[in-house]
Each structure stands twice: as C-alpha cells, then as structure tokens.
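Novice: Sharing a sequence plus its predicted fold:
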Amino acid sequence: MRVRVGRFVSAIVIAVLAIACGSGGGQQSGGGRPRVAVSIFPLYDVARRVAGDRLDVVCVLPPGRSEHGYDPTPREVARVTDARLAVLVGLEMDEWAERIVRGASDAEPEMLELGPRLEPRRLTAHEVGDELDEHEEEGHHDEEEHHHHHGALDPHFWLDPVRMRRAVPILVEAFSRIDAEGAAGFRERGAQVEAELGRLHDEIDARARTWSRRTIVTFHGSFGYYAERYGLRIAAVIEPFPGREPTPRYMQDVLTAIRESGAAALFSEPQLDPRPARVVAQQANVPLFELDPIGGGGSSTSYEALLRANTDVLERALR
C-alpha cells in the first residue's frame with residue numbers, strides 16, 4: 001500500500017498563522033484547556049471520551065476524508081495550533097498528521113504513537129499483492145510517498161476492539177502527564193470506555209461465529225486486524241496502493257484469487273474511488289459491499305457505531 005504524504009504542509013503553516021491570529025489564536029478555542037490533536041476519527045472518538053471536559057481534543061483528518069493523499073487547508077491546520085499532545089497511529093501511516101501538528105505549534109508537542117505499543121501484526125502477501133514489485137520495477141520512488149508491503153507492520157490496529165481497549169490506559173497515562181489534576185477523572189472514564197469496548201468485542205465475536213462463509217476480498221489492506229480477530233480470511237486486495245489504479249496484470253491476479261478461494265464478497269471503501277472494485281465484482285460475478293475503515297460521517301459517529309456498521313455489512317455478506 002503506497003501513501004502520498006501531503007506536499008503543502010510547510011507552506012500552509014504560514015497561512016495558518018494568519019488565520020490563527022485573525023481568530024484570536026487556535027489555543028483560545030479550547031477555553032484554555034490543553035489541546036490534544038488526534039490523527040483519525042476512531043482514535044479521536046475514544047480519546048475524547050477518556051478526556052471528558054478536561055482537554056480540548058480535536059481530530060486532524062476531517063470526517064469523510066481519506067488519510068491517503070490528504071492535504072489540509074489552512075483553516076484545518078489552524079484547529080490544531082499549539083497542541084500539547086498528538087495522538088497518532090504510527091507505523092508510517094500518519095506522518096502527515098505529525099507534520100501538521102509540529103508545524104502548527106510554537107512549542108514541541110509530545111507525539112504519542114499507539115500502533116507500535118499494541119503488538120502490531122505483519123501484512124501478508126494476500127493483503128498487499130505484488131503491486132509493490134511492479135511499481136518499483138517501473139521506477140516509482142517518490143520520496144514523499146511511503147507504502148506498506150508484505151512483511152511490513154500493519155498500522156490499522158484500531159479495527160480490532162481488543163487492541164483499541166488496550167490503547168485506553170496508554171491514553172490515560174499520556175493525558176495525566178499534561179493535566180495531572182485531571183488524572184483521577186481520566187482513570188475513571190478510561191475504565192468505563194474499556195468496559196464498553198470489551199462488550200463491543202464480545203458482541204462482534206458472538207455474531208462472527210454465526211457466519212457460514214469466511215473468505216473475503218477487501219479494497220486495500222486495512223481489515224487485517226479485524227479478519228484475524230474474528231476468523232476471516234482475506235484472499236486478496238483490490239487496490240494495494242490506495243488512490244492508484246491497479247495494473248491489468250494485478251487485476252487478473254485478483255480474479256484468479258477470487259476464483260480459487262471461493263471468496264464470498266468484495267468490499268469497496270467510501271473514502272476511495274470504488275470503480276476498480278466494481279469492475280472486479282462484475283467480472284468475477286461476486287457481490288460488492290462497502291466497508292468503512294475510518295468513519296466519522298453518516299451514522300458512524302462513534303467508534304462502536306463504526307465497528308457495528310462494518311459488522312452489519314460483513315454479516316449480510318457472509319451469512
């Protein structure tokens with residue numbers, strides 16, 4: 001999976017200063033509370049619930065946008081001005097968010113990468129295909145791009161509620177460092193969120209055990225944690241490099257994988273162009289559904305709602 005990092009962050013920071021000054025400064029919008037910038041919605045929703053009203057928690061990536069190829073507007077960067085802490089996925093997924101937060105702060109904010117601390121899994125060959133080899137053979141080595149490849153650590157840990165639950169004490173500890181007086185509240189709310197995520201896992205686990213089919217083809221390598229946790233098999237991915245159309249040779253490989261594995265369904269993602277998935281679904285005569293790895297829009301306005309919505313889709317496809 002290859003990801004284009006925003007090209008214009010440095011230039012945007014200059015414009016941000018003007019916006020921040022014009023609006024009275026980004027730090028004031030949080031009512032004087034320490035600001036925490038969180039890269040993507042699933043982490044943001046859990047972080048804001050643990051923080052309560054003690055911290056000003058903002059999400060860097062706007063709802064409905066993909067982290068792949070995201071270039072923020074000056075106003076979006078201004079929202080994270082002077083953040084004390086940035087909560088990131090890490091594992092090379094959201095370096096764009098780190099650049100935005102660092103560029104919008106006068107002081108040096110703390111960077112908390114959750115992914116490396118939550119037993120990250122490695123991406124399998126089926127989840128990335130062999131597009132990487134073709135891409136590099138063609139001489140594509142853009143320094144502002146990075147990618148996931150077979151054997152690389154999978155950054156999408158938040159799609160596993162068990163790992164997301166393990167992230168909560170890490171958030172409590174980090175929040176307590178920037179607001180020691182609020183530590184007791186962080187611990188209390190953190191315990192509540194952990195219990196809620198535990199119930200979510202139990203619910204999904206019980207539902208997944210009833211599914212009669214277990215092999216799927218996803219749009220890109222984002223659902224490996226979910227699949228591993230709930231006993232699904234990913235036979236292939238349609239677009240190993242999100243936002244870059246797969247080659248005809250790779251599309252044939254995907255069709256072969258669907259035929260040989262008996263995959264029950266294909267899945268597109270709302271943040272990315274679904275046309276390659278539609279073409280494959282039509283040629284393979286396999287139903288196409290949609291899974292959302294990020295959420296934050298529509299009905300997926302909480303972490304639990306996002307995971308339940310994806311589970312609803314998988315249930316329709318695999319029963």
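Specialist: All right, it came through fine.
Novice: where along the stretch 151-300 of the chain do the strands fall?
Specialist: 215-218, 233-237, 265-268, 288-290 (DSSP state E, counting those that start in this stretch).
Novice: and the ones you listed as TSV, adding distance to residue 108?
Specialist: Where C-beta positions appear, they are placed from N, C-alpha and C, glycine not excepted. Below are the strands of the stretch 151-300 of the chain laid out as TSV (distance: least, C-beta to C-beta, whole Å):
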stretch	distance to residue 108
strand 215-218	38
strand 233-237	38
strand 265-268	40
strand 288-290	40
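Novice: Kindly present the ones you listed as CSV, with separate columns for distance to residue 296, mean pLDDT and mean neighbour count.
Specialist: As requested, the strands of the stretch 151-300 of the chain are exported to CSV (distance: least, C-beta to C-beta, whole Å; pLDDT from 0 to 100; neighbours: other C-beta atoms under 10 Å):
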stretch, distance to residue 296, mean pLDDT, mean neighbour count
strand 215-218, 19, 96, 24
strand 233-237, 23, 95, 23
strand 265-268, 18, 96, 25
strand 288-290, 15, 97, 18
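Novice: So for residue 256, which of those sits nearest?
Specialist: Closest to residue 256 of these, according to C-beta to C-beta: strand 233-237, at 8.6 Å.
Novice: neighbouring contacts of the closest one?
Specialist: 124, 126-129, 214-221, 223-224, 227, 253-254, 257-258, 260-261, 263 (C-beta atoms under 8 Å, 6 or more residues apart in numbering).
Novice: Sheet partners, orientation included, of it?
Specialist: According to DSSP bridges, strand 233-237 has the following sheet partners: strand 215-218 (parallel).
Novice: hmm, who's touching the partner strand?
Specialist: 127, 223, 227, 232-238, 254, 257-258, 261-267, 280, 286, 291, 314, 317-318.
Novice: Distance from the chain centre to it, please.
Specialist: 19 Å (C-alpha atoms, centre = their mean, to the nearest Å).
Novice: and if you look at stretch 284-303?
Specialist: 13 Å.
Novice: and that stretch, how far apart are its ends?
Specialist: Terminal residues of stretch 284-303 lie 33 Å apart, using C-alpha to C-alpha, to the nearest Å.
Novice: Any buried residues in it, and which?
Specialist: 284, 286, 288-289, 291-297, 300, 302-303 (16 or more other C-beta atoms under 10 Å).
Novice: any low-confidence regions in this protein?
Specialist: By pLDDT under 70, the weakly predicted segments of the chain are 1-30, 129-151.
Novice: residue boundaries of the helices in this structure?
Specialist: 9-22, 41-51, 74-78, 95-103, 125-128, 131-137, 161-178, 183-208, 224-229, 248-261, 275-284, 303-318 (DSSP state H).
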